[in-house]
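# Kindly return the folded structure for what I paste below:
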Amino acid sequence: MTGTDICSEVRMILIDSIEVLNTRERNDKVFDEIVVNIKRVGLKKPITVTPRPDGAGGERYLLVCGEGRMRAFKALGESSIPALVVNVSDEDAFIMSLAENIARRQCRPLELLGGIEQLRDKGYKTKDIAAKTGLTVTYVQGILTLLDHGEQRLIVAVERGEVPLNAAIAIVGAGDDDKAIQAALQEAYEAGTLRGKNLLEARRVIEKRKMLGKSIAHATPRKREPVTSTSLVRTYQKEVERQKLMVRKAEFTQHRLLFVVSALKQLLADDHFATLLRAEGLDSLPKQLADRVWPGGHPA
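Next comes the predicted model:
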């Protein structure tokens, strides 16, 4: 950034003379907390503005950062607010505002995406974006990689902490090949970067990505086919096949359960084995299984 001249004094600026340069949506609860905090202890940090002539001899300012504080002041009935005045170009003011929003990391995931995208589109390199936003070079490069592939859904999952960045990049590298995606998940699991809840979240995101597309904002629902006698028959046949599959799975599960019950009966009939289980405190079974193994109740 060039030519930045910060005034040594904080001025009182009319709120109505300030134009918001890079506005963003806000969480109502967070905004209410800002209002209450300012009402109780006052403004801890002035907002930042840059002056612009309004053509009528008056003063006009562009807001660089502090939109939440300014709106809170206005909500409290104040007409003026303390502001630090900097003399910068429109371009630099926009970049300062954008970097401020990203660096605080209180924006929503898609806002973070939009901010990094805007910085990249304005010609900033990965290192420059990282330096201006306080993010790591690796993180910015990863986000840009996902961005180049239109992977909004994965980016949101990464920013929310649901999917590690390296796992998301591996998924992108696998393309639309289901086997390659599963291999990428397996590799991430073995590397210890995708375990437990994160693994479940990754599978959920991948399923949504497959069904609804990579983009969130521009996802288009599938067109519904017109209802005809042929489509009804086809739907009925699919439902019949689904029901048959469920029956086969139920029968398979029942056979496995019978095998487990039979095996447990034989094992528990062995006094030495039963004594060993009691000694280790492992002689109890889930009620549904115990009722099958000991129909007349647990033997004394």
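# List the contacts of the residue nearest to V205 when sequence neighbours are not counted.
Of all residues beyond its chain neighbours, the one nearest V205 is A157 (4.7 Å), with distances taken as C-beta to C-beta, 6 or more residues apart in numbering. Glycine gets a C-beta too; all of them are placed from N, C-alpha and C. With C-beta atoms under 8 Å, 6 or more residues apart in numbering as the criterion, the residues that contact A157 are 163, 168, 201-202, 205.
# which regions of the stretch 201-300 of the chain lie under the pLDDT threshold?
Filtered on pLDDT under 70, the stretch 201-300 of the chain yields the residue ranges 216-227, 296-300.
# where exactly do the helices run in it?
Taking DSSP state H, counting those that start in this stretch as the criterion, the stretch 201-300 of the chain carries its helices at 229-268, 271-279, 287-293.
# how about those in a markdown table, adding mean neighbour count and distance to V20?
Shown next, in a markdown table, are these (neighbours: other C-beta atoms under 10 Å; distance: least, C-beta to C-beta, whole Å):
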| stretch | mean neighbour count | distance to V20 |
| --- | --- | --- |
| helix 229-268 | 11 | 51 |
| helix 271-279 | 11 | 70 |
| helix 287-293 | 13 | 62 |
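# mind putting those in a markdown table, distance to A180 included?
A markdown table is the format used below for the helices of the stretch 201-300 of the chain (distance: least, C-beta to C-beta, whole Å):
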| stretch | distance to A180 |
| --- | --- |
| helix 229-268 | 26 |
| helix 271-279 | 45 |
| helix 287-293 | 40 |
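# of all those, which lies closest to A188?
With C-beta to C-beta as the measure, helix 229-268 is the member of the helices of the stretch 201-300 of the chain nearest A188 (29.0 Å).
# Give the other helices and strands that that closest one contacts.
Applying 3 or more C-beta pairs under 8 Å, 6 or more residues apart in numbering; DSSP states H and E, we find helix 229-268 packed against helix 271-279, helix 287-293.
# got the angle between it and helix 271-279?
Angle, helix 229-268 to helix 271-279, by axes from the mean of the first three to the mean of the last three C-alpha atoms, to 10 degrees: 100 degrees.
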